[in-house]
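S.K.: dropping a prediction and its sequence here:
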Amino acid sequence: MNNKTILPGRPFLFKLLFASLVFISITGWLRLYQSFYQWEWLIRYEIRPGPLYTAIYGFMIGSAGLLNAILFWIKHKLTKRFTQIFITVVFFWWWFDYLVFSKTALAFTDLPFRIVLTLIYLSFVYLYLRFSKHIQD
C-alpha cells in the first residue's frame with residue numbers, strides 16, 4: 001500500500017489567473033524587444049509616441065508582471081493587493097494608450113470587444129481574489 005500523502009494542488013482558476021499574469025508579462029517583454037528590434041523603422045515612419053515610450057512601457061509591464069506572477073505562484077502575503085493594483089494599472093494604461101494614441105477610425109472597430117474583454121477579465125480577477133481561499137489577505 002502506498003502511504004504517500006497527496007497534497008492538494010492549485011485549483012484551475014488559480015492556474016488560469018497565473019497564466020494570464022505570465023501572458024501579460026510576456027507581452028511586455030515582447031513589446032520591449034520589438035521596440036529595440038524595429039527602432040529605426042519606428043523612427044523612420046514617425047510612429048508616435050515613439051520607440052522609447054514603447055520600450056519603457058514594455059520593460060515596466062514585463063518586470064511588474066513577472067514579479068506579480070512569481071508572488072502569485074508562491075502565494076506571498078502581498079499577492080492579493082499587488083495583483084489588484086497591477087491589473088488596475090495595466091488596464092488603465094491599456095485604455096489610455098488606446099484612446100490617446102489611436103489615430104484612425106479603423107483602430108476603434110474592436111471597441112466593443114475591448115469593453116467586453118475588460119469587464120470580463122477585471123470581474124474574474126477581482127472576484128477570484130475576493131472569494132478565493134488560496135490567496136491570503
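M.R.: Happy to help now that I have it.
S.K.: when you work out contacts or count neighbours from here on, use the C-alpha atoms and nothing else.
M.R.: Will do.
S.K.: chain center to the helix or strand of the chain with the lowest mean pLDDT, what's the gap?
M.R.: Of all helical and strand segments in the chain, the minimum by mean pLDDT, DSSP states H and E falls on helix 39-44, at a mean of 91. Centre-to-centre, helix 39-44 and its host chain are 26 Å apart (CA atoms, centre = their mean, to the nearest Å).
S.K.: mind listing what's buried along it?
M.R.: Leu42 (16 or more other CA atoms under 10 Å).
S.K.: by contact count, what packs against it?
M.R.: Here helix 39-44 touches helix 51-73, going by 3 or more CA pairs under 8 Å, 6 or more residues apart in numbering; DSSP states H and E.
S.K.: run through who's touching the helix it packs on.
M.R.: Contact with helix 51-73 is made by 18, 21-22, 24-33, 35-36, 39, 42-43, 78-80, 82-83, 86, 90, as judged by CA atoms under 8 Å, 6 or more residues apart in numbering.
S.K.: what secondary structure does Lys133 sit in?
M.R.: coil (DSSP: H, G, I helix; E, B strand; the rest coil).
S.K.: what's the local residue count around it?
M.R.: 9 (other CA atoms under 10 Å).
S.K.: backbone phi and psi for it, please?
M.R.: phi -90, psi 0 (degrees, to the nearest 10).
S.K.: any idea how far it is from Ile120?
M.R.: 21 Å (CA to CA, to the nearest Å).
S.K.: what's the answer for Arg48, then?
M.R.: 30 Å.
S.K.: contact partners for the residue positioned nearest the centre of the chain?
M.R.: Closest to where the C-alpha atoms of the chain average out (CA atoms, centre = their mean) is Ile24, at 3.2 Å. Going by CA under 8 Å, 6+ apart, Ile24 touches Ile61, Gly62, Gly65.
S.K.: much appreciated, bye for now.
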